[in-house]
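**Student:** model the following, please.
(one chain, ligands or ions: 1)
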Amino acid sequence: MPREGVQRGREELGDDGVMEGTGDNGTFTAAADYKAADLTQLSFRRGERIVVHQQMSNEWWWAELGGCFGYVPASYLTERDPLQDLGEEDTWQDDEYFNSYSKLKLQQEMLADRVRTETYGAVMKRSRAWLRGKAVLDVGCGSGIISMLCAKHAQPSRVYAVEASELARLTEQVVRCNGMKDTVRVLQGRVEDVELPGSVDCLVSEWMGTCLLFEFMIESVLQARDRWLRDGGVMWPSTAALHLTPCSAQREYTDKIGFWDWQYELDFSQLRTEAAKEYFSKPKHDHQMDPDDCLAEPCCILQLDMSKVQTSELEEITYEFIFEVKKAGPMHGFAAWFSTEFKCPDSNPSIILDTGPMSTATHWKQTLFMLDSPVAVTPGDFVVGSVALRRNPVWRRHMSVAFRWRVAPSTDAPDAIGEGQKTFPLWR
Ligand SMILES: C[S@@+](CC[C@H](N)C(=O)[O-])C[C@H]1O[C@@H](n2cnc3c(N)ncnc32)[C@H](O)[C@@H]1O
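**Tutor:** The predicted model follows:
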């Protein structure tokens, strides 16, 4: 895959640093504390030196610490000593990140997503009266679209349009060309570093990535909230939620695994296991699901109140799910997507941006997590288990998504139709 920097959830934030399943062993440094989830794993503290004996997969390595052996999560280990030479620039990959956002290709992909962009426009129109004379901060203004929609549909006193990438220079020209320079002030810099003349009444941002959180731009938004939003000020989006369902993905399965059954009347099925490893060890970030592929009623595994949530709460999020299967089919995996809600002062109901398969497609599409082999389910079966989103302790824009599942005819049936566990790096 070409390396083009972050592309709204693609896995392009570089691949140096943590080793991936190379088969090379050696001594690694723990980048953060880890508490063993069971007896097969090792607990360790940040900075401890761990001897890796076998890199079993991208996610779990067999290792030794103080004479004890067990599995350790690869994402917690680094070849370099993070206490000494990994600066913030390395772990946030800001150069690469902002460079990718300075390209029009990426900005065009977002602008061309009418569902997304018109939602922000609708919020500004609906809040016209409230916005009059208000100061607004647009965190990560990109091409300036949200700031300009605000100035076009309402009469804010000022919109501070903050953009860290080089694009800011061009955005300023676009703002001027639209006759909005007296209202929209483009500020180039990280929002963490810029100075505003005072607090703002409203903070707006489009920060959402794959599985809602990837890129962790939300951390910058929350810092800006704490620094610049006045008490009782408005956050747009106001809430954000992540949804999950067990799903079928027949075409994906046939394309990637079924392909290896027969080719030219020769049996290639020996390669099916390797194909699952190669294709399904990471999520598919741009999967467009058919609503019929949902095997159960989706559930909400994460709900954030943007005026209250703290960054520390995003390090590890776990959710125990119980899905009752509504539809017969092969369960190929799980699919996730997010929705955001915009509460408009003095006006109900809220405006919703929903990226799920039941709504009009957006550029985010859905995220697909494929199991290595499907499980045949029928209505009335239960899929019980957990999902854990773990932010990478070293690579701060990345996270992993770990599933544990059991499929059975009832929640307490002794025999499972299928069960397993799998961790997906997104992307480290
Ligand atoms: C998802 S894009 C949205 C762009 C634009 N608001 C839109 O809706 O089309 C996020 C933008 O935020 C910028 N950004 C991300 N983190 C930032 C930070 N800490 N400070 C300033 N800009 C940031 C990125 O460079 C990118 O242009």
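**Student:** would you list every one of the helices in the stretch 201-350 of the chain?
**Tutor:** With DSSP state H, counting those that start in this stretch as the criterion, the stretch 201-350 of the chain has helices at 217-228, 250-256, 272-280.
**Student:** cool, and the stretch 1-150 of the chain?
**Tutor:** So, for the stretch 1-150 of the chain - with DSSP H, counting those that start in this stretch - the helices run 88-92, 94-101, 104-111, 114-126, 128-131, 145-153.
**Student:** most tightly surrounded among those helices?
**Tutor:** With neighbours taken as mean count of other C-beta atoms under 10 Å, those reach their highest mean count in helix 145-153, at a mean of 23. Where C-beta positions appear, they are placed from N, C-alpha and C, glycine not excepted.
**Student:** what does the residue lying closest to Leu131 once chain neighbours are set aside show for phi and psi?
**Tutor:** Nearest in space to Leu131, with sequence neighbours left out and distances taken as C-beta to C-beta, 6 or more residues apart in numbering, is Ala154 at 3.6 Å. Dihedral pair for Ala154: phi -130, psi -180, per degrees, to the nearest 10.
**Student:** and the gap between Ala154 and Pro345?
**Tutor:** Separation of Ala154 from Pro345 (C-beta to C-beta, to the nearest Å) stands at 12 Å.
**Student:** can you pull the residues that touch both of the two?
**Tutor:** Here Ala154 and Pro345 have Ser127 as joint contacts, going by C-beta atoms under 8 Å, 6 or more residues apart in numbering.
**Student:** and these two? Which one has more around it.
**Tutor:** More crowded of Ala154 and Pro345, by other C-beta atoms under 10 Å: Ala154, with 22 against 14.
**Student:** show the contacting residues for the more buried one.
**Tutor:** Met124, Lys125, Ser127, Arg128, Leu131, Arg132.
**Student:** please tell me how far it sits from the ligand.
**Tutor:** Ala154 is 17 Å from the ligand, where distance means C-beta to the nearest ligand atom, to the nearest Å.
**Student:** contacts only, for whichever residue of the stretch 51-200 of the chain sits closest to the ligand.
**Tutor:** Ranking the residues of the stretch 51-200 of the chain by distance to the ligand (C-beta to the nearest ligand atom) places Gly140 first, at 2.0 Å. By C-beta under 8 Å, 6+ apart, the contact list for Gly140 reads Tyr101, Val162, Glu163, Ala164, Val191, Ser205, Glu206, Trp207, Met217, Ser220, Val221.
**Student:** filter those residues by proximity to the ligand?
**Tutor:** Tyr101, Val162, Glu163, Ala164, Val191, Glu206, Met217, Ser220 (C-beta under 6 Å from any ligand atom).
**Student:** max pairwise distance over those: which two?
**Tutor:** The largest separation in those, counting by C-beta to C-beta, is between Ala164 and Glu206 at 14.2 Å.
**Student:** what parts of the stretch 1-150 of the chain come near the ligand?
**Tutor:** Residues of the stretch 1-150 of the chain lying near the ligand (C-beta under 6 Å from any ligand atom): Phe98, Tyr101, Met110, Leu111, Gly140, Cys141, Gly142, Ser143, Ile145, Ile146.
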